[in-house]
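Student: the following block contains a protein sequence and its predicted model.
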Amino acid sequence: MNFVSFYNGVFGLTLAGVVLYLLALPPTNLWWLGWLVAACWTPILRRKTLPDQAWRKIWFAGVIFWAVAVHWVCYAHWAACFGWVAMSCYLGIYIPLFMFFARMIHHTPIWGNIRVPVWLAASVAWLAAMYLQKTLMGGFGFALLEHTQVRQTALIQLADVGGESLVGAVMIFVGVMFGYCLPTNLSANSSESETACPQKPDSRQIITGLLVIALTFFLLTGYAKIRKSQLRPSPKTPLTVVLLQGNFRASLSAPQGWYEEVFENYAKMALDAATDQEYGIDVMIWPESTWIDPWIDIDRSELTADLMEKLSVEKINQFFFENNRKIIELSQHIDIPSIYGVASCVYSLKNDKYSQYNSALLIEKKNEIYYNIDNNYNQESQKCFSRYDKMLLVMFGEYIPLADSLPENFFLKTLCQRADFGKKPVSFFLHAKNDDNNHHHNDNDREFYTASANICFESSSSRLIRQQVLKLKAQGEEPDILLNLSNDGWFRHSSQIDMHLATHIFRAIENRKPYLAATNGGFSVGINGSGKILAIGQRAKNQVVYVDLTADNRFSIYHFFGNFFPVASLGIVFVMLLRHAFHKRTHKN
């Protein structure tokens, strides 16, 4: 095969873009290569015809990309290797889908001989394809093109306008402009598509492309400076947070006593941090699933006033204390409001059954257990604890589709750590400087921060986090802080933990909220509303991470627009599909 045949071949060009994409991701982190990915794919988009089996070759290159990018899926358990293969084959669809959308939009006349330019067609197609990738089959939001830029925060501030996907679309736009500078085979004859010599662009086309690229970077950095200038100092006292980070493997076949040992290590870290007099700690956050005993609870939505009168508050409080004695007593010993990663068993009085949740639990008061029924925060109705249940579960990790129709001894059911879906976001009220003299939910009486929790891979869903923030805002409890509890100990400190960190950074920028993550086997990190890392644990270390946070008073345009750009792009794709079918039919006649 000579160079012309290789250059004209769709597999070679697609694979070249895939290689650049992989090099831009962790662990190599050659971020600047991310802007060149679409340059390799532009000749394919511009070509009038493609050779036989082109789409199969493009899909295979996509499978190679995902197989390498998410190799860490195999580390969780040997059976996950089957999921890795299936996952790579499925996700491999989205690169050819993007190219199909882009080619269809570009090569279909919209009026007469007028066609959509490649740079616009590719950007719209990328938004549409990535929206489908992050929505269908539960969605997958790791190893995205925009995630290659997380340390270049000046280039990704646009995420607060249209979400992370808009940053990816801009990267595709820049890549296509670079691609205009490359020779391209524009032959309309499919038999010549791999043999015809590519046409070199003229100098005017190259200069125009480079000027547009320079202008794009100027606008990106200019927008970042404008948004930075809008940040004003918060009048609130900074919140001092302790994030626990452990270096403990998670395993489905751990030896007996392993998780008890992990818990004891975390308890020691917590107690040591609590006795450190150098910091005035306001809240301590444990990673996901590091508390070994389940939190026993009652379905709060069923506790009506009549039922409370019948059961009595004293009996309910006694029930909580007796069933959760260990965690309550440790919280009293730590003497600092703490957020724990726990498994919750919640009893339904109406249905007479328990539901199991993956939860984040805030134990706030140290001296007594008191259940708040009214969900109001005031002196007459104090909350001792708040619980958030994970709403977006991991398929085959926390639930199995159609599990009820499978035999009880089916091997996936025996491996899967079953959980039920959480129903709603929950506000955690965190008090600055740990002042117990006042419990009023009022800025004039008490300085407090409102936090919204998410758990593990929920951070990869920009749509979920936005919906949670807006729902709490509608309740009058808009979060000042986003926080995440994760257990990445399944993945052996691979590139997965870097990819998970990237999702935290984008959620902070999209919502213009400081972001905290307490992680086992990954990075415990504090991030400000601009995506800047304030404090972070070292890789593969047991560590206590201290972070001082203040509220970010900037508004988020993304809260208003939401997924408008991806959804609008999907609509454009649908309209152009109809136009393409009509044009093809009339052209045939």
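Tutor: Ah, there it is.
Student: what is the burial count for the residue nearest to I64 when sequence neighbours are not counted?
Tutor: Counting by CB to CB, 6 or more residues apart in numbering, V18 is the residue found nearest to I64 once chain neighbours are left out, at 6.2 Å. To be clear about C-beta, it is placed using only N, CA and C from the backbone, and glycine gets the same treatment. By other CB atoms under 10 Å, the residues close to V18 number 23.
Student: again with the one 5 residues further on
Tutor: The number of residues packed near L23 is 18, by other CB under 10 Å.
Student: contacting residues around it?
Tutor: Shown in contact with L23 (CB atoms under 8 Å, 6 or more residues apart in numbering): 30, 33.
Student: distance of it from Q152?
Tutor: Distance of L23 to Q152, computed by CB to CB, to the nearest Å: 15 Å.
Student: my read: R512 touches D552, true?
Tutor: Yes. Counting by CB atoms under 8 Å, R512 touches D552, with 5.1 Å between them.
Student: identify the contacts common to those two.
Tutor: G529.
Student: neighbour count: the two, which is higher?
Tutor: R512 (25 against 21).
Student: max-length helix in this structure?
Tutor: The residue-count maximum for a helix in the chain (DSSP state H) belongs to helix 203-229.
Student: following the helix or strand harbouring A518, which helix or strand shows up next?
Tutor: Using DSSP states H and E, A518 sits within strand 515-520. As assigned by DSSP H and E, the chain's next helix or strand after strand 515-520 is strand 525-527.
Student: pLDDT (mean, whole number) over that following strand?
Tutor: What strand 525-527 shows for mean pLDDT is 98.
Student: which residues are in contact with it?
Tutor: Against strand 525-527 from outside (CB under 8 Å, 6+ apart): 241, 243, 501, 504-505, 508, 514-517, 519, 533-537, 545, 547, 549.
Student: which residue ranges of the stretch 401-550 of the chain form strands?
Tutor: 427-431, 448-455, 481-487, 515-520, 525-527, 533-536, 543-549 (DSSP state E, counting those that start in this stretch).
Student: an error on my part: the question was meant for the stretch 101-250 of the chain.
Tutor: 239-245.
Student: which secondary structure element contains the spatially closest residue to R232 that is not a sequence neighbour?
Tutor: Distances taken as CB to CB, 6+ apart put N553 closest to R232, at 5.4 Å, once the chain neighbours are dropped. Counting by DSSP H and E, no helix or strand carries N553.
Student: my guess is N553 meets K236, correct?
Tutor: No. If you go by CB under 8 Å, N553 and K236 don't touch, sitting 9.8 Å apart.
Student: domain ranges for this structure, per the record?
Tutor: 3-139+163-226+572-588, 239-553 (automatic domain parsing).
Student: which one of those lies nearest to H147?
Tutor: domain 239-553 (4.0 Å; CB to CB).
Student: how far away is E314 from F320?
Tutor: 11 Å.
Student: between these two, which is the more surrounded one?
Tutor: Higher neighbour count among E314 and F320: F320, with 19 against 8, using other CB under 10 Å.
Student: rewinding a little: what helices or strands is the longest helix of the chain leaning on?
Tutor: Secondary-structure packing of helix 203-229 (3 or more CB pairs under 8 Å, 6 or more residues apart in numbering; DSSP states H and E): helix 164-179.
Student: list the buried residues of the helix it packs on.
Tutor: The neighbour-count check on helix 164-179 (16 or more other CB atoms under 10 Å) flags 164-179 as buried.
Student: now do it against helix 203-229, angle only.
Tutor: 150 degrees (axes from the mean of the first three to the mean of the last three CA atoms, to 10 degrees).
Student: spatially speaking, which residue is in the middle of the protein?
Tutor: By CA atoms, centre = their mean, the chain has its centre lying nearest to S460, at 1.4 Å.
Student: what sits against it?
Tutor: 139-142, 500, 503.
Student: go on, S338?
Tutor: Here S338 is in contact with 270, 283-286, 331, 362-363 (CB under 8 Å, 6+ apart).
Student: and with 6 Å instead?
Tutor: 284, 331, 363 (CB atoms under 6 Å, 6 or more residues apart in numbering).
Student: look up the closest residue to it, ignoring the ones flanking it.
Tutor: Nearest one to S338, counting by CB to CB, 6+ apart, is M284 at 4.6 Å.
Student: secondary structure class of that neighbour, three-state.
Tutor: Secondary structure assignment for M284 (DSSP: H, G, I helix; E, B strand; the rest coil): strand.
Student: that one contacts V242, doesn't it?
Tutor: Yes. If you go by CB atoms under 6 Å, M284 and V242 touch, sitting 4.4 Å apart.
Student: run through the bridge partners of G246.
Tutor: Taking DSSP bridges, one obtains N520 as the residues bridged to G246.
Student: that one reaches T519, doesn't it?
Tutor: No. If you go by CB under 6 Å, G246 and T519 don't touch, sitting 8.4 Å apart.
Student: quick one, which of the two is more surrounded?
Tutor: T519 (29 against 24).
Student: for V575, see how far away the more buried one is.
Tutor: On the measure of CB to CB, T519 and V575 end up 43 Å apart.
Student: all helices for the stretch 251-400 of the chain, in order.
Tutor: Assigned by DSSP state H, counting those that start in this stretch, the stretch 251-400 of the chain shows helices spanning 258-274, 305-311, 313-323, 325-334.
Student: quick check: mean pLDDT across the last one?
Tutor: Model confidence over helix 325-334 averages 89 on the pLDDT scale.
Student: same check on the second one?
Tutor: Throughout helix 305-311, pLDDT has a mean value of 70.
Student: am I right that G34 is in a strand?
Tutor: No. G34 is assigned helix when assessed by three-state DSSP, not a strand.
Student: so what's it up against?
Tutor: 24, 145, 148.
Student: distance of D276 from M269?
Tutor: Taken as CB to CB, the span from D276 to M269 is 11 Å.
Student: likewise for G397?
Tutor: 26 Å.
Student: how about N454?
Tutor: The value you get for N454 to M269, if CB to CB is used, is 23 Å.
Student: okay, these two: which has more neighbours?
Tutor: Per other CB under 10 Å, whichever of N454 and M269 has more neighbours is N454, with 27 against 20.
Student: please name the bridge partners of the residue nearest to the more buried one when sequence neighbours are not counted.
Tutor: Counting by CB to CB, 6+ apart, N484 is the residue found nearest to N454 once chain neighbours are left out, at 5.3 Å. Beta-bridge pairing of N484 under DSSP bridges involves N454, A517.
Student: which residues sit in contact with N484?
Tutor: 454, 459, 517.
Student: surely the second one and T503 touch.
Tutor: I take that to be S459. Yes. Counting by CB under 6 Å, S459 does reach T503; the two are 4.4 Å apart.
Student: out of the contacts of G34, grab the one that's most surrounded.
Tutor: T148 (28 neighbours).
Student: from what I see, that residue and Y21 are in contact.
Tutor: No. Contact between T148 and Y21 fails when scored by CB under 6 Å: they sit 7.7 Å apart.
Student: lovely, talk soon.
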